[in-house]
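>>> take a look and give me a structure for this.
(chains A and B)
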There are 2 protein chains.
Amino acid sequence: VRIAVLSIGDELLWGEIVDTNFARIAARCYDVGLPVTAHRTVGDDEAAIAAALGELAAGADALIVTGGLGPTSDDLTAAAAAKASGVELERNEAALAHVRHMAGRFGGDLPPANEKQALIPTGAVLIDNPLGTACGFSFDLAGCRCFFLPGVPREMERMLEESVLPEILALRRSPLVCRTLVFTVFGPSEAELGTRLEGALPGGRGVTIAYCVSFPEILVKLRATGTSETGVAAALDTAVSIVRPLLGEDLVAEGEEGLDAVLARLLKERGVTLALAESCTGGLLAGRITAVAGSSAYFLEGAVTYANAAKVRVLGVPEPLLAEKGAVSPETAEAMAAGMRRAAGSDLALAVTGIAGPDGGTPDKPVGTVYIALADSGGCLVRHCLFRGSREEIRTITAYTALDWLRRRLLVQ
Amino acid sequence: VRIAVLSIGDELLWGEIVDTNFARIAARCYDVGLPVTAHRTVGDDEAAIAAALGELAAGADALIVTGGLGPTSDDLTAAAAAKASGVELERNEAALAHVRHMAGRFGGDLPPANEKQALIPTGAVLIDNPLGTACGFSFDLAGCRCFFLPGVPREMERMLEESVLPEILALRRSPLVCRTLVFTVFGPSEAELGTRLEGALPGGRGVTIAYCVSFPEILVKLRATGTSETGVAAALDTAVSIVRPLLGEDLVAEGEEGLDAVLARLLKERGVTLALAESCTGGLLAGRITAVAGSSAYFLEGAVTYANAAKVRVLGVPEPLLAEKGAVSPETAEAMAAGMRRAAGSDLALAVTGIAGPDGGTPDKPVGTVYIALADSGGCLVRHCLFRGSREEIRTITAYTALDWLRRRLLVQ
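Numbers count the residues shown, from 1 in each chain, chains lettered A, B, ... in the order given. Predicted coordinates for the structure are as follows:
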């Protein structure tokens, strides 16, 4: 199955946005064993879209198109699709019902702009978009199945998964099976990981290792290819059983799971409650912990104590300590964690204080200086870190490092 | 001048990396008034590269190619370029000297892999790469000037700026100037905005309006093109002065500024301090407020009161109120905001409580039910919202709505 992708939008040709949609489509097609063979980008230009559709369809079995299905006048994909396949645009009643439903206008007039979204090439099959007004659709062009999806990433991704990939998989004649397992790793550098895993897998078994930096994580991808499901699964299992112990505690998560989900699972399994006290991360830890549904089962509360007065009043950090050691110090971090744990009555409390920059650094405590404290019934441990990067990068890696420390702590509980 | 771009690399077709190189090239070409007109992506496949070169060159005056100039066996761009132009690869002495210099091997043998990087199509002109071993080169193909650059972003960008763009600009006969201004808007839907702005700009003045949904914001882009800097600037200024009042308070920010930066500016200008009390957003508001450097000047503290006990202890929400009205109620939101303002001694306090889902909804209070309260010296206002979407989407739009409400409140102060 030869798969082509067409990205549509002036904002792409003008460099205003990066084409993450194409990367997502390409990755998902690769995951299911059908790598993309051709890709083009065109602007919001009816003739250019129609020409690209015809040329790509001529060399492919399936064509995935994104963008240009919105309500405004620069959205020309449906018109171009009709032109390319020599049919008219017509008002599709099912599409109109969908637009009405998603726009929340069950009776009365739709805005004319939305009404335009119900114009679909004659004979096309609708693709359900559970998340937005734009209707997707598909039709055959020169023997190639063409799928038209909106450019909004979350809508596109959902429709790709639920409607497009299953239909494309059904086009397969001789299956090349690809299976990928992604390990999320935190701790060692990419080079250190490369050295650690070099030569770990026996050659010629159809399993490769690839590394991908996804700051602050490193993704280690094991890919197995072959002609049979069972053979590929067995090869991947063998590779996983070799690589997993080499990663040890640096292995944060496997597959779709990420750090946040792993932490949620560990906190639930261990039956422990958590409270957070944050200064430089300003709520990022709490935001990640509460991103997981059901987090109220173990997460009691968080305090973002930016002002020193809040550290004193909310966490009970002694004023003389703040005056003597400073807000960014191991002593303050420890007092924050211990104070939070006491106030919230939680089993564990994690506290962070540091200098995210770009200002506020000193020779003694440069920008990137961070103290993380973890309090439990046995006492409190404090870690000192020195990170480099922008304010955003320092805040991100600080939050990740603190939560990863909590993960390692829960592993040994 | 018609400009085409060809991105080369299996890692692109397999979705392993996002093609930021193309976005960079496209943005720079747009900046200098020469928007890209065509773009393709191909894998590391000599025949596919050669075919794409020929087809793109036939429809363009300049073609910028990135990727596949590295030392390894999957780097096939130079061979494909030679094939497309019907010449041989030959060892180029200047290229060899460059590779030796950059690889730090002034005498003795080069690794064979690096030696391969000195093989250049006969007759091509070298493009200096000050940052790496890969040599760039250029030649004419079917009347189109073709530039070959490495895929390493920093090397590509430097060569694009120093060598390629100047040469492309020299191809211009009549210069086309482009200028863009982006308005960030929140409140109306894309369709409502389209209706509001329809016909606002006089036709034929070379200024267009485009809409881009960047959840939860909508970007309204005014683009002016013309032949003179002053004419384009004047046309854009006129368009901005027409559109800005039509957007009114829904206009969050202009240009590079975003909501967070606007809020920071308004809080500083008004000289008011802020505290936050969050339940369902779990620290997202605090995370955004503290993302801005210098936020300690106006942000005192935040409380993530997930457990009811924390709402009572930290914010002073009366237990009978929680029992009677529930944690997700206008009364609780108001008590959270008023309690936070009192405890922190801030001028303003913003509080959020709601049901982010996917569980926890009831017929009375379905998932997506959110109450936002804003307390100041005059009292407390409460807003009720009902959002749809995933847990992540509900949390994101809740945080955005709350901060946008604060922005509107500060505008009228």
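>>> with just CA atoms, put the longest helix belonging to chain A into PDB.
Longest helix in chain A, counting residues (DSSP state H): helix A:391-411. The C-alpha trace of helix A:391-411 is given here as PDB (Å, rounded to 0.1, in the frame of the first residue of the first chain):
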ATOM      1  CA  ARG A 391      13.400  30.000  32.100                       C
ATOM      2  CA  GLU A 392      10.900  27.700  30.500                       C
ATOM      3  CA  GLU A 393      13.500  24.900  30.100                       C
ATOM      4  CA  ILE A 394      14.700  25.200  33.700                       C
ATOM      5  CA  ARG A 395      11.200  25.200  35.000                       C
ATOM      6  CA  THR A 396      10.300  22.100  32.900                       C
ATOM      7  CA  ILE A 397      13.300  20.100  33.800                       C
ATOM      8  CA  THR A 398      13.000  21.000  37.500                       C
ATOM      9  CA  ALA A 399       9.400  19.800  37.500                       C
ATOM     10  CA  TYR A 400      10.400  16.600  35.700                       C
ATOM     11  CA  THR A 401      13.400  16.000  37.900                       C
ATOM     12  CA  ALA A 402      11.300  16.400  41.100                       C
ATOM     13  CA  LEU A 403       8.500  14.100  39.900                       C
ATOM     14  CA  ASP A 404      11.000  11.500  38.600                       C
ATOM     15  CA  TRP A 405      12.600  11.500  42.000                       C
ATOM     16  CA  LEU A 406       9.200  10.800  43.500                       C
ATOM     17  CA  ARG A 407       8.900   8.000  41.100                       C
ATOM     18  CA  ARG A 408      12.200   6.400  42.100                       C
ATOM     19  CA  ARG A 409      11.300   6.900  45.700                       C
ATOM     20  CA  LEU A 410       8.000   5.100  45.200                       C
ATOM     21  CA  LEU A 411       9.700   2.200  43.300                       C
END
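>>> pull out the buried positions in that helix.
Neighbour counts using 16 or more other CB atoms under 10 Å in any protein chain shown place A:391, A:393-407, A:409-410 of helix A:391-411 among the buried residues. Backbone N, C-alpha and C define where each C-beta goes, glycine included.
>>> near chain B, from these?
Applying CB under 8 Å from any CB of the partner chain, the subset of the buried residues of helix A:391-411 adjacent to chain B comprises A:391, A:395.
>>> name the helices or strands packed onto the longest helix of chain A?
Under the contact criterion of 3 or more CB pairs under 8 Å, 6 or more residues apart in numbering or on different chains; DSSP states H and E, the helices and strands touching helix A:391-411 comprise helix A:259-270, helix A:284-289, strand A:348-354, strand A:369-376, strand A:379-386.
>>> residue ranges with poor pLDDT in chain A?
Low-confidence segments of chain A (pLDDT under 70): A:105-108, A:174-175, A:204.
>>> ok so A:Arg196 is a helix residue?
Yes: when classified by DSSP: H, G, I helix; E, B strand; the rest coil, A:Arg196 is found to be part of a helix.
>>> that one and A:Arg24, how far apart?
From A:Arg196 across to A:Arg24, the span is 30 Å (CB to CB, to the nearest Å).
>>> what do you get for A:Glu324?
52 Å.
>>> higher neighbour count, the two?
More neighbours surround A:Arg24 than the other of A:Glu324 and A:Arg24, with 17 against 11 (other CB atoms under 10 Å in any protein chain shown).
>>> ok, for the more buried one, nearest residue in space, not its chain neighbours?
Counting by CB to CB, 6 or more residues apart in numbering or on different chains, A:Arg24 lies nearest to A:Glu157, which is 6.1 Å off, once chain neighbours are set aside.
>>> how many other residues sit next to the one you found?
Taking other CB under 10 Å as the criterion, the count of residues near A:Glu157 is 17.
>>> same check, this time on A:Ser377
Applying other CB under 10 Å, we find 8 residues neighbouring A:Ser377.
>>> so it touches A:Asp347, yeah?
Yes: the pair A:Ser377 / A:Asp347 is scored as a contact, 7.1 Å apart, by CB atoms under 8 Å.
>>> so for those two, which residues contact both of them?
Jointly contacting A:Ser377 and A:Asp347 under the rule CB atoms under 8 Å, 6 or more residues apart in numbering or on different chains is no residue at all.
>>> so A:Arg223 sits in a strand?
Yes: if the criterion is three-state DSSP, then A:Arg223 is within a strand.
>>> show me the contacts for it.
Shown in contact with A:Arg223 (CB under 8 Å, 6+ apart): A:178-180, A:207-208, A:210.
>>> one step back: Three-state assignment for the residue nearest to A:Arg24, please.
Going by three-state DSSP, the secondary structure assigned to A:Glu157 is helix.
>>> pull up the gap between it and A:Pro150, please.
Distance from A:Glu157 to A:Pro150, by CB to CB: 10 Å.
>>> in JSON lines: the contacts of A:Arg223, plus neighbour count and secondary structure.
What follows is those, written out as JSON lines (neighbours: other CB atoms under 10 Å in any protein chain shown; DSSP: H, G, I helix; E, B strand; the rest coil):
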{"residue": "A:Cys178", "neighbour count": "20", "secondary structure": "strand"}
{"residue": "A:Arg179", "neighbour count": "19", "secondary structure": "strand"}
{"residue": "A:Thr180", "neighbour count": "18", "secondary structure": "strand"}
{"residue": "A:Val207", "neighbour count": "24", "secondary structure": "strand"}
{"residue": "A:Thr208", "neighbour count": "13", "secondary structure": "strand"}
{"residue": "A:Ala210", "neighbour count": "14", "secondary structure": "strand"}
